[in-house]
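> Test case, fold it:
(2 chains)
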Amino acid sequence: MKLTATMLACALALGTVGVQAKTFKWTSASDIPTWDIHSQNNALSNGIHAAVYESLVYYNSRTFKPEPVLATAWKQVSPTQLRLTLRTGVKFHDGSPFSADDAVFSIDRAMSKTSNFAVYTAGIDRVAKVDANTIDIFTKDPNPALVSQLTELRMMNKAWAEKNNSIAPKDIKTQDENFAHRNANGTGPFMLKEWQPDQKMVLNRNPAWWGKSEGNVTEIVYTPVRNVSTRMAALLSGAVDLVLDPSPQDLGRIRSSPEFKVVDGVENRTIFFGMDQFRNELPGSDVKGKNPLKDQRVRQALYQAIDIDTIARVTLRGLGQPTGALVSPQVTGWTEAVHKRYPFDAAAAQKLLADAGYPTGFEVDFACPNNRYINDEAICQAVTAMWARVGVRAKLRTLPLVTYFPMIQRYEASIYMLGWGVPTFDAMYSLQSLVRTVGAQGDGNYNVGRYSNPQMDALIERAKKETDLKLRTELMTKALALQNQDVAHIPLHNQVIPWAMKKNIDVVHRADNRLDWRLVKVN
Amino acid sequence: MFAFILRRLAQAVLVMVSVALIAFMLFQYVGDPVVFLLGQDATPEQVRELRGQLGLDQPFLIQFWYFLVNAVQGEFGISLRQGAKVSRLIAERLPATLELALVAGVLALAAGIPMGVYAALKRGSFVSQLFMTISLLGVSLPTFLIGILLILVFSVYLGWMPSFGRGEVVQVGWWSSGLLTANGWIHIILPAITLAIFQLTLIMRLVRAEMLEVLRTDYIKFARARGLTNRAVHFGHALKNTLVPVMTITGLQLGGLIAFAIITETVFQWPGMGLLFIQAVTFADIPVMAAYLCLIALIFVIINLIVDLLYFAVDPRLRVEKAGGH
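Got it, this is the predicted structure:
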């Protein structure tokens, strides 16, 4: 009798577990390089790490405003001092409590030499503990983007890191792995259970998590599948629930299937063309003694010769939204006005070229990646044909990303394609890298056409130091408008990222192309 | 015999160094790993610093020398993509590839030889014609297409087989085996068939041709004249003599199975060395690519050596020629 009762209890227990246990299986092309959260700044791993390690603040997945996570409140004490109040009662997965020491340690860790997170610690001078639940971050200059930067600085347990010899982030060049490379101990809603690099990763729900989850997933299984056809087959055969990067040509079929669906989201990444505005003569061009791309009219002619709506419809099949701005609508500084494109007008383009002294057009080098952005090569082929109609003979060469990016960074391309994502959701991130004159400390580090306008530099420098947020946003909008007026770059579209999944999966498509683990639902 | 082995080994070393050199030269053009490591926001100073730390700013010959010195000790440095020792990564991936190659090899032999024999004995019959047609398809269809077709039919439409991965593995010491669980066997079937098909058709055609050749020889006629049964003639005498060249070819093809597994492994996300290599290529992970190419070269060299020695052992004529006369 007693035995039966025990068995019944067991069965009940198993039964309830059976009802509640929800496994979410997903895939994308590659695995994360490491579990060390401050080692490599990699978009995929930042998104996956967020399930296990939390940051002080994190973007809300729906509004994309920074919201409290491990910090409950923050206040600018002085222009260079931010005070954060930390959440109490939070525990790491090993049971130790989260405190100010851990926060100070983690930010210091992200600032250390072997960390790759300099872009998120930029401007931070030092971090100090005030009391057990309060820290101060001191910046060298007023830094209005600091709170946004904190979204990618995740918190690690100080004692755990010290005990396991992982005080410094894993260095790429060091001899082999550190403990934190394969093990994890965060405060997040999921705990790392198993990781076989390139094969399988299993995360289990953290029963002691402080927050309240909207989702119902108890286990996350990630299996990277490199080949896109195999990845799609895995979804179609039911082996996975979601594919983060489905093949564009299969989307039509998936959309119309009763068992699957596609969730589209505008990625916070703008694709554009840059042009060499530095050289006095372009290599590979038939124009000798001068650089046609230095002439604003020529750049505008190239711009107006592009029929972007056709590209969006035919080449991208809806996976791009045409834009006239250098940043996407979610980014601070964006306005309707800067979003407006110069209209597509081949006749006007021809006239501009004639005015500039090239009535029969000219020959120019044109470089594109062929495995970086959605249909990148096809877009460039289409544009080459459109330019040919107004007389510009672009000599298109397409390269894989591993050779493409070093090439354009050596300033070797006359016209090049680039896509720029904005993890801080602040236009300064783009302005500083793309249109600021090439200089020190990240200024113009991807301004590989070497556009330079003193007026632009002045605007950006003023915005960098401006602490009045409204005024600062206005300055950035002005800079974006000036870029359009100068046609410093030719904006094309904001990428639309499709996720393919089974019908019974509910997710929120984040603009940074990552899943929010707290919101995943398996119905 | 000893001198022969020594001479072979010296040649092998030369081959290995050449492969290493060629591989290393190619890698100068595959791209810059620093771009990946630092992301698109890196400043030129950071890039310069990292290049210095990785030794990428050294002259080519010096980089190559360091590489050789380490390679001889079995060290290929740190993977730029995964930040782990390349030797460890290869050791983790080697079992998957070897098991796949082994199963595919056994499959190719077990199916290829009987089919070849049948096609030779029943020349002109419908089934033989069918075998020959299928073998033509097997030789001409690209591996990735076969793999995708198998996935489409058996995983997506029928739902019988898993579409990717290796399934459950059992750790036996440092060797991870998928052949000890039912789940592992289900996972290996499709990739093994995909990998085996080319070898299978090759073996089948070879066996058929050799068998036809042997059946024409005098001793088969005499055997028949003695009144031996067909069975004894075909399998006791003809097949035995057919298999000598087949064994040689099969030995060499085993190296091919391991090397050609790249495509099969990519299609089925089989976590072996080939997949590791392909992933390394897209990342410009030079240490892994170099180690892989050297390892494959080494495998080929070793198999060649063994085959040469086997020839020595199997074919008495070689020994006689060497021993006599001089």
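> any weak-confidence spans in the chain?
This is for chain A. A:1-20, A:172-176 (pLDDT under 70).
> wait, chain B
Short version for chain B, where the test is pLDDT under 70: B:1, B:27-33, B:35-43, B:313-326.
> for it, what spans make up the strands?
B:170-172, B:175-177 (DSSP state E).
> Which of these sits closest to chain A?
Closest to chain A of the strands of chain B is strand B:175-177 (CB to the nearest CB; 9.1 Å). For the C-beta atoms, the positions are set from N, CA and C on the backbone; glycine is no exception.
> which parts of the closest one are buried?
By 16 or more other CB atoms under 10 Å in any protein chain shown, the buried positions in strand B:175-177 come out as B:176-177.
> ditto for stretch A:163-183
Buried residues in stretch A:163-183, counted by 16+ other CB under 10 Å: A:166-172, A:177-182.
> Tell me, how many residues neighbour residue B:203?
With neighbours defined by other CB atoms under 10 Å in any protein chain shown, the count for residue B:203 comes to 25.
> Report the contact partners of it.
B:108-109, B:112-113, B:116, B:246, B:249-250, B:253 (CB atoms under 8 Å, 6 or more residues apart in numbering or on different chains).
> Over to residue A:490?
Per CB under 8 Å, 6+ apart, neighbours of residue A:490: A:272-273, A:275, A:299, A:302-303, A:306.
> ok, those residues vs chain B, which is closest?
residue A:272 (13.8 Å).
> Confirm that closest one sits in a strand?
Yes: counting by DSSP: H, G, I helix; E, B strand; the rest coil, residue A:272 is part of a strand.
> how many other residues sit next to it?
For residue A:272, using other CB under 10 Å, the count is 21.
> Residue A:121 now?
Burial of residue A:121 is recorded as 22 neighbouring residues (other CB under 10 Å).
> quick one: what helix or strand has residue A:25 in it?
strand A:23-27 (DSSP states H and E).
> Who are the packing partners of the helix or strand just after that strand?
Following strand A:23-27 in sequence order, the next helix or strand is helix A:43-52 (DSSP H and E). The helices and strands touching helix A:43-52, judged by 3 or more CB pairs under 8 Å, 6 or more residues apart in numbering or on different chains; DSSP states H and E, are strand A:190-196, strand A:200-205.
> try 10 Å
With contacts taken as 3 or more CB pairs under 10 Å, 6 or more residues apart in numbering or on different chains; DSSP states H and E, helix A:43-52 sits against strand A:190-196, strand A:200-205, strand A:219-222.
> still on that earlier bit, just send the strands of chain B back as CSV, with distance to chain A too.
As requested, these are exported to CSV (distance: least, CB to the nearest CB, whole Å):
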stretch, distance to chain A
strand B:170-172, 11
strand B:175-177, 9
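> can I get the CA coordinates of stretch B:226-240 in PDB?
Output in PDB follows, covering the C-alpha atoms of stretch B:226-240 (Å, rounded to 0.1, in the frame of the first residue of the first chain):
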ATOM      1  CA  ARG B 226      38.800 -30.000 -64.000                       C
ATOM      2  CA  GLY B 227      35.100 -29.900 -63.400                       C
ATOM      3  CA  LEU B 228      35.000 -27.600 -60.400                       C
ATOM      4  CA  THR B 229      31.700 -26.100 -59.500                       C
ATOM      5  CA  ASN B 230      31.000 -22.500 -60.700                       C
ATOM      6  CA  ARG B 231      30.900 -21.500 -57.000                       C
ATOM      7  CA  ALA B 232      34.400 -22.800 -56.400                       C
ATOM      8  CA  VAL B 233      35.700 -21.200 -59.600                       C
ATOM      9  CA  HIS B 234      34.200 -17.800 -59.000                       C
ATOM     10  CA  PHE B 235      34.700 -17.300 -55.400                       C
ATOM     11  CA  GLY B 236      37.600 -19.700 -54.600                       C
ATOM     12  CA  HIS B 237      39.800 -18.700 -57.500                       C
ATOM     13  CA  ALA B 238      38.600 -15.700 -59.500                       C
ATOM     14  CA  LEU B 239      37.600 -13.400 -56.600                       C
ATOM     15  CA  LYS B 240      40.700 -14.000 -54.600                       C
END
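> How about it, which residues are buried there?
By 16+ other CB under 10 Å, the buried positions in stretch B:226-240 come out as B:233-234, B:237-239.
> Pull the contacting residues for the residue nearest to residue A:348 when sequence neighbours are not counted.
Nearest residue to residue A:348, sequence neighbours excluded (CB to CB, 6 or more residues apart in numbering or on different chains): residue A:304, at 5.3 Å. Residue A:304 sits next to A:341-352, A:390, A:487, A:490 when contact means CB atoms under 10 Å, 6 or more residues apart in numbering or on different chains.
> Quickly note the distance from residue A:304 to chain B.
29 Å (CB to the nearest CB, to the nearest Å).
> Also residue A:353?
Counting by CB to the nearest CB, the gap between residue A:353 and chain B amounts to 32 Å.
> Now that residue. Nearest residue, chain neighbours left out?
Per CB to CB, 6+ apart, closest to residue A:353 is residue A:301, 4.7 Å.
> What residues of the helix or strand encompassing the one you found count as buried?
Secondary structure assigned from DSSP H and E places residue A:301 in helix A:296-304. Judged by neighbour count using 16+ other CB under 10 Å, the buried positions of helix A:296-304 are A:297-304.
> Let me see the ranges of the helices in chain B.
B:2-27, B:33-38, B:44-54, B:60-72, B:86-121, B:126-140, B:143-150, B:182-215, B:218-225, B:230-231, B:239-267, B:273-283, B:286-314, B:316-323 (DSSP state H).
> Let me have those helices in JSON lines, adding distance to residue A:365 as columns.
Formatted as JSON lines, the helices of chain B follow (distance: least, CB to CB, whole Å):
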{"stretch": "helix B:2-27", "distance to residue A:365": "25"}
{"stretch": "helix B:33-38", "distance to residue A:365": "21"}
{"stretch": "helix B:44-54", "distance to residue A:365": "23"}
{"stretch": "helix B:60-72", "distance to residue A:365": "28"}
{"stretch": "helix B:86-121", "distance to residue A:365": "37"}
{"stretch": "helix B:126-140", "distance to residue A:365": "40"}
{"stretch": "helix B:143-150", "distance to residue A:365": "34"}
{"stretch": "helix B:182-215", "distance to residue A:365": "42"}
{"stretch": "helix B:218-225", "distance to residue A:365": "70"}
{"stretch": "helix B:230-231", "distance to residue A:365": "73"}
{"stretch": "helix B:239-267", "distance to residue A:365": "33"}
{"stretch": "helix B:273-283", "distance to residue A:365": "25"}
{"stretch": "helix B:286-314", "distance to residue A:365": "28"}
{"stretch": "helix B:316-323", "distance to residue A:365": "61"}
